[in-house]
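K.L.:
With the sequence up front, the predicted model follows.
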Amino acid sequence: MIFIHLVILAISMILGFVFSYLAIMEEDLLKAVIYSAGQGVMFSIAFYILMAPDVLLAYIAIAIGIYTALLVFVISKTERKEVV
């Protein structure tokens, strides 16, 4: 049983780092915010596996909810593509 938890933890951390990389390299700001939210979901799964419910609840509310909504609102007020 612990083996399956470790596999899920490893997969979620790897996918979290992949989403972080994609968010940094993306030129479309809206896609970067979506990748950042995906990274938040993957790290939330890792916090759940690590049995940290207090950190998990705060992370879901801030990183996935408020942060994503705020950035989407700000991007809607500016241009979607990054200007170099």
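P.N.:
Structure's in. What do you need?
K.L.:
those helices in the protein, which residues are they?
P.N.:
For the chain, the helices defined by DSSP state H cover 2-25, 29-49, 53-59, 67-77.
K.L.:
V83 is nearest to which of those?
P.N.:
Nearest to V83 among the helices of the chain is helix 29-49 (10.3 Å), distances taken as CB to CB. For the C-beta atoms, the positions are set from N, CA and C on the backbone; glycine is no exception.
K.L.:
Check which helices and strands the closest one sits against.
P.N.:
The elements that helix 29-49 packs onto, with contact taken as 3 or more CB pairs under 8 Å, 6 or more residues apart in numbering; DSSP states H and E, are helix 2-25, helix 53-59, helix 67-77.
K.L.:
Buried residues, the second one. List them.
P.N.:
Yep, that's helix 53-59 we're talking about. L56, Y59 (16 or more other CB atoms under 10 Å).
K.L.:
Now do it, average pLDDT.
P.N.:
If you average the pLDDT over helix 53-59, you get 91.
K.L.:
on that earlier part again, can you put the helices of the chain in JSON lines and add distance to V83?
P.N.:
Shown next, in JSON lines, are the helices of the chain (distance: least, CB to CB, whole Å):
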{"stretch": "helix 2-25", "distance to V83": "16"}
{"stretch": "helix 29-49", "distance to V83": "10"}
{"stretch": "helix 53-59", "distance to V83": "31"}
{"stretch": "helix 67-77", "distance to V83": "13"}
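K.L.:
most packed of those helices?
P.N.:
Neighbour counts (mean count of other CB atoms under 10 Å) averaged over each of the helices of the chain peak at helix 29-49, with a mean of 19.
K.L.:
contact partners of that one?
P.N.:
With contact meaning CB atoms under 8 Å, 6 or more residues apart in numbering, helix 29-49 is reached by 5, 8-9, 12-13, 15-17, 19-20, 22-24, 26, 55-56, 59-60, 63-64, 67-68, 71-72, 75, 78, 80-82.
K.L.:
Per-residue confidence, K81, what does it come out as?
P.N.:
Confidence at K81, expressed as pLDDT, is 79.
K.L.:
For it, which residues are in contact?
P.N.:
If you count contacts by CB under 8 Å, 6+ apart, K81 has them with E27, D28, L29.
K.L.:
Next, format these as JSON lines and append pLDDT and distance to G38.
P.N.:
Conversion of these to JSON lines gives the following (pLDDT from 0 to 100; distance: CB to CB, whole Å):
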{"residue": "E27", "pLDDT": "90", "distance to G38": "17"}
{"residue": "D28", "pLDDT": "91", "distance to G38": "14"}
{"residue": "L29", "pLDDT": "91", "distance to G38": "15"}
